[in-house]
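Enquirer: Need a 3D model of the sequence below.
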Amino acid sequence: MNLQKAGGIASLIEAATYIIGFALLTTLLADAGFGEDGSDANLLAFVASNQSLMYLWNFIIYIVNAVFLVVLVIALHDRLKAATPGLSQVAAAFGLIWAGLVLASGMLANISLAEVSALYALDHDEALVMWATCRKVLAAATRSPVACGCCCCAGLACAAPVFPRA
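Expert: Here you go, the predicted model:
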């Protein structure tokens, strides 16, 4: 398999991670109240009792996504480097940083999930404090990949007029 085919497959897997992530969020995770201004106590109780589902969701939307994002970024760089070498390198750099931040966010999310769930079994109040802290850290961590993704996509958009045909 050549790099261009791997990039194409990676892009389809990327799309699938978003579809699966949103499907889980709107179905199985809907009871948790993600994205709503609900009670952290109710959300934490859901998370602690559905730790495997939460781990799977984080793994799909962060870790699987990041791994295939690396393949996609490298394939796009390879495709664009002849026509726009400098721009392709800049876009690839931001794309790889983006993938690294997404991967780190996913690992942070799953480690936080495990630690908060373990503490929840011992002390609900302390787990709520830890949960609030972890949510703030995760909120900050997940905003950084968005900025890098925007820079990567902007670089690719600038290169679009010279995108070579396969």
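
Enquirer: for the longest helix along the chain, packing partners?
Expert: Among all segments of the chain classified by DSSP state H, the helix with the greatest residue count is helix 85-122. Helices and strands touching helix 85-122, as assessed by 3 or more C-beta pairs under 8 Å, 6 or more residues apart in numbering; DSSP states H and E, comprise helix 40-49, helix 51-58, helix 65-80, helix 124-159. The way it works is simple: take the backbone N, C-alpha and C, and place the C-beta from them, glycine included.

Enquirer: Reformat those helices into CSV and put mean pLDDT, distance to Leu87 and mean neighbour count next to each item.
Expert: CSV is the format used below for these (pLDDT from 0 to 100; distance: least, C-beta to C-beta, whole Å; neighbours: other C-beta atoms under 10 Å):
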stretch, mean pLDDT, distance to Leu87, mean neighbour count
helix 40-49, 86, 42, 17
helix 51-58, 94, 33, 17
helix 65-80, 94, 7, 20
helix 124-159, 75, 5, 16
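
Enquirer: how about those in JSON lines, adding distance to Leu3?
Expert: As requested, the helices and strands packed on helix 85-122 are exported to JSON lines (distance: least, C-beta to C-beta, whole Å):
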{"stretch": "helix 40-49", "distance to Leu3": "39"}
{"stretch": "helix 51-58", "distance to Leu3": "29"}
{"stretch": "helix 65-80", "distance to Leu3": "5"}
{"stretch": "helix 124-159", "distance to Leu3": "16"}
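
Enquirer: Minimum distance to Leu103: which of those helices has it?
Expert: In this view, the helices and strands packed on helix 85-122 are compared for proximity to Leu103 by C-beta to C-beta, and helix 65-80 is the closest at 3.7 Å.

Enquirer: give the contact list for the residue most central in space within the chain.
Expert: Ranked by distance to the mean C-alpha position of the chain (C-alpha atoms, centre = their mean), the top residue is Tyr62 at 3.3 Å. Taking C-beta atoms under 8 Å, 6 or more residues apart in numbering as the criterion, Tyr62 is in contact with 102-103, 105-107, 109.
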